[in-house]
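Enquirer: Structure for this input, please:
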Amino acid sequence: MHAPAPPLIPTEMLLLAYRSGIFPMADSREDPEIFWVEPRERATFPLENFRMSKSLRKTVRQDRFRVSCDTAFADVVGACAQPRPDHPESWISHRIAASYAALHDQGHAHSIECWDGETLVGGLYGVSFDRVFCGESMFSHANNASKVALAWLVAILRRAGFEVLDCQFMTDHLASLGAIEMSQQDYVQKIASAQGKPRMSIPEAYVSLVSGADGAGSAGAAAGADAVGVGAGASSPGNLIAQSLTQTS
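Expert: A predicted model of the protein is given here:
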């Protein structure tokens, strides 16, 4: 007989932990136990200073991937939990994954997905509360797929009126995209100052971005331009995002 599944981490406990600047991890995928992490230094993205390389800007602008929001949350978490050459053991245990699925069901965890046709090739997920989004993990099975997901996330958070994008631990990769490091004390103060409801939810901001590009395409077509809606030239969602991020980067 199989041992009973460990209990989910209560949603209220998870949200309280994130508001206190801590988050859970596990030693392996199968580990039923968790431990709480409070980094001494915290990596965050200033939402107005996301750095896009020329190659990433081109990839976003061309809509090389179809990008969605909250359509494959469990699949994204599962992909993030897979072993990697530099991380043979995942900190995303089955218990953590199930707990975040429950958090997602209650509207406090979200995913951004990148698709090549009908194949999920990249994405990220994280936890949201107040005007804060805490990125948990990302994966990529195609060049630049996770970077495209991150660029979309930044644009979505800006549209929604978020103030903080946490990425936990600094890496050279994150630093190259504009992440900065601060003390844990400063981070806790920063998330405390970001209390309150954002202008719109993350899914609403995603829809707003896509429909905004669609509307621009319709207006362009009516004026005799080449644009014919989503995915076409200057009116595509990717081009709209690339332009908005370039203007403030």
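
Enquirer: For Phe44, which residues count as its bridge partners?
Expert: Actually, residue 44 is Thr. It isn't Phe. Taking DSSP bridges as the rule, Thr44 bridges to Asp166, Ile180.

Enquirer: quick one, what contacts it?
Expert: 164-167, 179-182, 187, 190 (CB atoms under 8 Å, 6 or more residues apart in numbering). Quick note: C-beta positions are derived from backbone N, CA and C, even for glycine.

Enquirer: out of those residues, which one sits closest to Glu12?
Expert: Asp166 (19.7 Å; CB to CB).

Enquirer: Just the buried residues of the contacts of Thr44.
Expert: Among the contacts of Thr44, those classed as buried by 16 or more other CB atoms under 10 Å are 164-167, 179, 187, 190.

Enquirer: quick one: the helices in the protein?
Expert: Ranges of helices in the chain, per DSSP state H, are 11-19, 54-61, 73-80, 94-105, 145-160, 172-176, 184-193, 202-222, 237-247.

Enquirer: Ok, which of those helices comes nearest Ala43?
Expert: Among those, the nearest to Ala43 by CB to CB is helix 172-176 (5.8 Å).

Enquirer: That closest one: how far from the chain's middle?
Expert: In terms of CA atoms, centre = their mean, to the nearest Å, the centre of helix 172-176 is found 16 Å from the chain centre.

Enquirer: Enumerate the positions of that helix that are buried.
Expert: Along helix 172-176, these residues count as buried under the neighbour rule (16+ other CB under 10 Å): Leu174.

Enquirer: and it, average pLDDT?
Expert: Here helix 172-176 scores 87 as its mean pLDDT.

Enquirer: before we move on, back to that, could you redo the contacts of Thr44 as CSV and give each row pLDDT and distance to Gly122?
Expert: Shown next, in CSV, are the contacts of Thr44 (pLDDT from 0 to 100; distance: CB to CB, whole Å):
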residue, pLDDT, distance to Gly122
Val164, 97, 23
Leu165, 97, 18
Asp166, 97, 20
Cys167, 94, 16
Ala179, 92, 18
Ile180, 94, 24
Glu181, 95, 25
Met182, 96, 28
Tyr187, 97, 27
Lys190, 96, 28
